[in-house]
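**Q** When you get a sec, could you give me coordinates for this:
(one chain, ligands or ions: 1)
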Amino acid sequence: MAKVINVNLSDKCYPIIIGNDSLSKTVQKINDLSVSKCLLIVDQNLIKYHSLLIRKTFALLNCKVYSFPLIAIEKNKSLTQTEKIYKFLSDNSFDRNSIIVALGGGVTGDIAGYVASTYMRGIRVIQIPTTLLSMVDSSVGGKTGVNFNDQKNMIGTFYQPEFVSIYPEFLATLSKRELLSGAGEIFKYSFLADNRNYNLLKNNLLKLFSSQSFAIEKTINACLVIKSNIVENDEKEITGLRKILNFGHTFAHAFEVESNYKLKHGEAVIGGIYCALFLSEILGYITSDKLNSILNDYKFIRPNKKLASLNMDNIFNSMGSDKKNSNGKKRFVLVEDIGKIVVDVVSEKSMILRSIEKMNNLIWNSKTV
Ligand SMILES: NC(=O)c1ccc[n+]([C@@H]2O[C@H](COP(=O)([O-])OP(=O)(O)OC[C@H]3O[C@@H](n4cnc5c(N)ncnc54)[C@H](O)[C@@H]3O)[C@@H](O)[C@H]2O)c1
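**A** Residues are numbered from 1 along each chain as shown. Modelled structure (predicted):
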């Protein structure tokens, strides 16, 4: 039986359906919408691994189905790629009674959501995430976007899907590296709620990192309950609450850009979270004892070695252009304790560089499981 989490926003409520019958539920729900046409924006790797399942599933739709294969790399999360999809929609006379289905990871979901939100001033979109990262995070909450001018997600919209459908079996073909990248966002969620969630997510992450089977649906569920609560209370990042979802991300986006996207998003997030933890201690938000206990709890997750070769000044400059920073000041999401997050903390350059240095030291000074 599929599990359902409802996201209740002021002008839209939508379900997240999680479970092994989520695809049949997806077909039923799209048929209920009586759409004229459906475009699957589908990750090419999904076609490679799951073409039969995809064909069998979407053959059951009552409308004409088109497919637009996407090579899911950061460089394709671009306006150039967006334009190609607009052209496809326009050439095939898609209109506001049509629907887009995003079938892939965060890259596919972000660009498909952006296209859906802007084509003919908005057509409906369904998110079917297929990576761990997109299942626990990016498919929910309505942030869409593409990269521009070497800046992550610089062009984008807030645009909620009709529903999100999570079929955990897709993860069977995901590489170990991508699974561990997804772990980066789970690592983030462990800090955002309370000690119960911290322990639950930490224990499941330990199993994931030591290649043991772990409660995947419980993990997805825990992250999405936290995310939907936050999004319900600050859908468009106005009150500030939603900013806590950016924990570690001011650093992470700069790491991704500076590595020329050789670092996966989740790998950059892990490095970014450690920098944010160190900065929290340097600026006196968290005690050394608390920091050490977190470092000890998470000794099985360490930042990627590629981070150590990045140029500090370039990282610092990239951060300056992150859209989360207003007035040219670098602002950070920091932590006082588990579930106690502070946003918009301004820091001087020397402290920021010191926190990156401490994160780099952690790469070399500790072993992983
Ligand atoms: N919108 C948001 O709120 C939000 C939140 C977090 C991250 N993001 C964005 O998400 C993106 C990262 O997402 P991602 O980590 O899912 O990356 P991704 O979409 O690039 O997918 C990673 C890789 O996995 C492959 N893949 C996808 N599903 C597969 C499957 N089932 N089996 C085998 N291979 C599969 C893809 O082809 C790709 O090579 C970044 O662009 C990031 O900025 C957005």
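
**Q** Am I right that N20 is in a helix?
**A** No - per DSSP: H, G, I helix; E, B strand; the rest coil, N20 lies outside any helix segment and is coil.

**Q** Can you tell me how far the closest residue to it other than its chain neighbours is from S51?
**A** Nearest-residue entry for N20: E169, 6.2 Å, with adjacent residues in sequence omitted and distances by CB to CB, 6 or more residues apart in numbering. (Each C-beta comes from the backbone N, C-alpha and C, glycine too.) Using CB to CB, to the nearest Å, E169 is found at 15 Å from S51.

**Q** ditto for V345
**A** For V345 relative to S51 (CB to CB), the value is 48 Å.

**Q** neighbour-wise, which of these two wins?
**A** A direct count of neighbours by other CB atoms under 10 Å for V345 and S51 places V345 higher, at 15 against 11.

**Q** how close does the more buried one sit to I352?
**A** For V345, the distance to I352 equals 11 Å [CB to CB].

**Q** burial measure for the closest residue to A193 other than its chain neighbours, as a count.
**A** Closest residue to A193 apart from its sequence neighbours, by CB to CB, 6+ apart: I226 at 4.9 Å. Neighbourhood size, I226 [other CB under 10 Å]: 23.

**Q** Now do the contacts for E267.
**A** With contact set as CB atoms under 8 Å, 6 or more residues apart in numbering, E267 has these partners: 180-181, 184, 303-304, 306.

**Q** Now the buried members of these.
**A** Neighbour counting by 16 or more other CB atoms under 10 Å classes 180-181, 184, 303-304, 306 among the contacts of E267 as buried.

**Q** Dump the residues you listed into CSV; add secondary structure as well.
**A** CSV is the format used below for the buried ones among the contacts of E267 (three-state DSSP):
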residue, secondary structure
L180, helix
S181, helix
G184, helix
P303, coil
N304, coil
K306, helix
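
**Q** Please list which of these are also close to the ligand.
**A** Counting by CB under 6 Å from any ligand atom, S181 from these sit close to the ligand.

**Q** Switch the buried ones among the contacts of E267 over to CSV; also include distance to K262 and pLDDT.
**A** Putting the buried ones among the contacts of E267 into CSV (distance: CB to CB, whole Å; pLDDT from 0 to 100) gives the following:
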residue, distance to K262, pLDDT
L180, 15, 95
S181, 12, 97
G184, 15, 98
P303, 14, 97
N304, 10, 96
K306, 6, 96
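
**Q** Next to the ligand, which bits of the protein? Give me the list.
**A** Contacts of the chain with the ligand, taken as CB under 6 Å from any ligand atom, map to 43, 45-46, 49, 72, 74, 77, 104-108, 110, 130-131, 133-134, 137-138, 141, 143, 152-153, 170, 173-174, 178, 181, 265-266.

**Q** Inside strands: which ones of the residues you listed?
**A** Counting by DSSP state E, the residues of the chain next to the ligand place 43, 104, 143, 152-153 in strands.

**Q** For the ligand, give me its nearest residue in the stretch 251-369 of the chain.
**A** Nearest residue of the stretch 251-369 of the chain to the ligand, counting by CB to the nearest ligand atom: H265, 4.0 Å away.

**Q** in the protein, which spans are helices?
**A** 22-33, 44-58, 79-91, 106-118, 132-133, 176-192, 195-209, 216-233, 249-258, 265-282, 288-297, 312-320, 349-365 (DSSP state H).

**Q** lowest-confidence stretch among these?
**A** Here the lowest mean pLDDT among the helices of the chain goes to helix 312-320, at a mean of 89.

**Q** relative orientation of it and helix 349-365 in degrees?
**A** Relative orientation of helix 312-320 and helix 349-365, computed by axes from the mean of the first three to the mean of the last three CA atoms, to 10 degrees: 120 degrees.

**Q** list the helices and strands helix 312-320 packs on?
**A** Here helix 312-320 touches helix 249-258, helix 349-365, going by 3 or more CB pairs under 8 Å, 6 or more residues apart in numbering; DSSP states H and E.

**Q** could the contacts of E267 go into JSON lines alongside distance to V27?
**A** Formatted as JSON lines, the contacts of E267 follow (distance: CB to CB, whole Å):
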{"residue": "L180", "distance to V27": "32"}
{"residue": "S181", "distance to V27": "30"}
{"residue": "G184", "distance to V27": "32"}
{"residue": "P303", "distance to V27": "42"}
{"residue": "N304", "distance to V27": "39"}
{"residue": "K306", "distance to V27": "41"}
